[in-house]
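In: below is the sequence, then the predicted model.
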Amino acid sequence: MDSVDTSPKPIPKRFKKTQNKLAEFFLMLHRVYAFIIRFFKEVFLPPYEFKEIVRQCYETGVRSFTLITLTGFIVGVIFTKQSRPSLTNFGAESWLPSLVSIAIMKALAPLVTALIAAGKVGSSIGAELGSMRVTEQIDAMEVSGTKPFKFLVCTRVIATTITIPLLATYVAFIALLGGYLNVSQNEGTSYLTFMEQAFEPLTFIDFWASLSKAIVFGFTIGIVGCYQGYNSTKGTEGVGKAANGAVVTAMFLVFIEEVLIVQIAGWFR
């Protein structure tokens, strides 16, 4: 009798590639999870780098102040200008302040701030830590007995978590100022009347949801930028990939978190 071939058949190449990609994806998730857990373990342990946190808050907040101010003002003016024709068709121009405040406070202020910070701050963190990694400065800090993770990562994540909500609040009021100037120019509405109509439809949940989004966005931008830079490889090419990966990943996660927080806030209304 002919012997039966019981040897396992080779896996097709396309399935092997898919299997390898899935394995790399889950391995990356494990590394990200371990990185975040390490942050929460070390952030509460001494020594506390208060001076470095203040310096990073300055780098994140003050150096982004001009760009944030200009963007927030333009967002307020453009959104008000684009919304007026639609309300005019229904004879509801008096609703314009309420519409502008709802859109800015609930969504535009934290989202615009996070996107700008992801592009400016996230890329800066990724490139800075990436260059320190490829030039072996981080390894030298570990050999010298210092704690590079606490000094480099924890301080930057704390700084972005603190400053992004402050910047988002500032952007909201600057955008409202831009909206007021546009409304005042066309309808002659006073500042007091505009602000009364703007804040009338808003509730405590709206402010809390907006603040929560800004805090989560800030933490996400900081942790993504630090992860990409701290784990970069392949020399100068890795620095560029770290900066690019920090921006793209942070923006993608910001949009996902926006949807999730809006859904969660809707359950409490």
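Out: Alright, I've got the coordinates. Residues are numbered from 1 along each chain as shown.
In: pretty sure F219 contacts A159?
Out: No: between F219 and A159 there is no contact, the gap being 10.7 Å when judged by CB atoms under 8 Å. In this view, the C-beta of every residue, glycine as well, is placed from N, C-alpha and C.
In: out of the two, which sits in the more crowded spot?
Out: Neighbours per residue, other CB atoms under 10 Å: of F219 and A159, the larger number sits with A159, 24 against 19.
In: buried residues, whichever strand or helix holds the more buried one. List them.
Out: Per DSSP states H and E, A159 falls inside helix 155-187. Buried residues in helix 155-187, defined by neighbour count with 16 or more other CB atoms under 10 Å: 155-165, 167-172, 174-183.
In: which stretches in this protein count as helices?
Out: Listed in chain order, the helices of the chain (DSSP state H) span 13-42, 50-61, 65-89, 96-103, 109-117, 123-134, 137-143, 148, 155-187, 191-199, 204-230, 235-267.
In: helices or strands next to the second one in the packing?
Out: In terms of contacts (3 or more CB pairs under 8 Å, 6 or more residues apart in numbering; DSSP states H and E), helix 50-61 is packed against helix 155-187.
In: name the nearest residue to A127, sequence neighbours excluded.
Out: A243 (4.1 Å; CB to CB, 6 or more residues apart in numbering).
In: next, find the distance separating the one you found from I158.
Out: Distance, A243 to I158, by CB to CB, to the nearest Å: 21 Å.
In: and what of E128?
Out: E128 is 16 Å from I158, by CB to CB.
In: repeat for M251
Out: To I158, M251 is 21 Å away according to CB to CB.
In: low-confidence regions, the protein specifically.
Out: 1-15 (pLDDT under 70).
In: now with 50, please.
Out: By pLDDT under 50, the low-scoring segments of the chain are 1-2.
In: can I get stretch 126-135 in PDB, CA atoms only?
Out: Extracted in PDB, the C-alpha atoms of stretch 126-135 (Å, rounded to 0.1, in the frame of the first residue of the first chain):
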ATOM      1  CA  GLY A 126       9.000  62.900  19.000                       C
ATOM      2  CA  ALA A 127      11.900  64.500  17.200                       C
ATOM      3  CA  GLU A 128      13.600  65.600  20.400                       C
ATOM      4  CA  LEU A 129      13.400  62.300  22.100                       C
ATOM      5  CA  GLY A 130      14.200  60.400  18.900                       C
ATOM      6  CA  SER A 131      17.400  62.400  18.400                       C
ATOM      7  CA  MET A 132      18.400  61.700  22.000                       C
ATOM      8  CA  ARG A 133      17.700  58.000  21.500                       C
ATOM      9  CA  VAL A 134      19.700  57.600  18.300                       C
ATOM     10  CA  THR A 135      22.700  59.600  19.700                       C
END
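In: ok, residues contacting it?
Out: With CB atoms under 8 Å, 6 or more residues apart in numbering as the contact definition, stretch 126-135 has outside contacts at 138, 152-153, 225-226, 228-236, 238-247.
In: OK, contacts around K241?
Out: So K241 contacts 130, 228, 232, 234 (CB under 8 Å, 6+ apart).
In: got JSON lines for those residues, with neighbour count too?
Out: Output for the contacts of K241, formatted as JSON lines (neighbours: other CB atoms under 10 Å):
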{"residue": "G130", "neighbour count": "29"}
{"residue": "Q228", "neighbour count": "28"}
{"residue": "S232", "neighbour count": "26"}
{"residue": "K234", "neighbour count": "12"}
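In: return the member of the residues you listed nearest to L67.
Out: Distance to L67, by CB to CB, is smallest for Q228 among the contacts of K241, at 21.7 Å.
In: from L108, how far out is that closest one?
Out: Q228 is 27 Å from L108, where distance means CB to CB.
In: having no further points to raise, I will conclude here.
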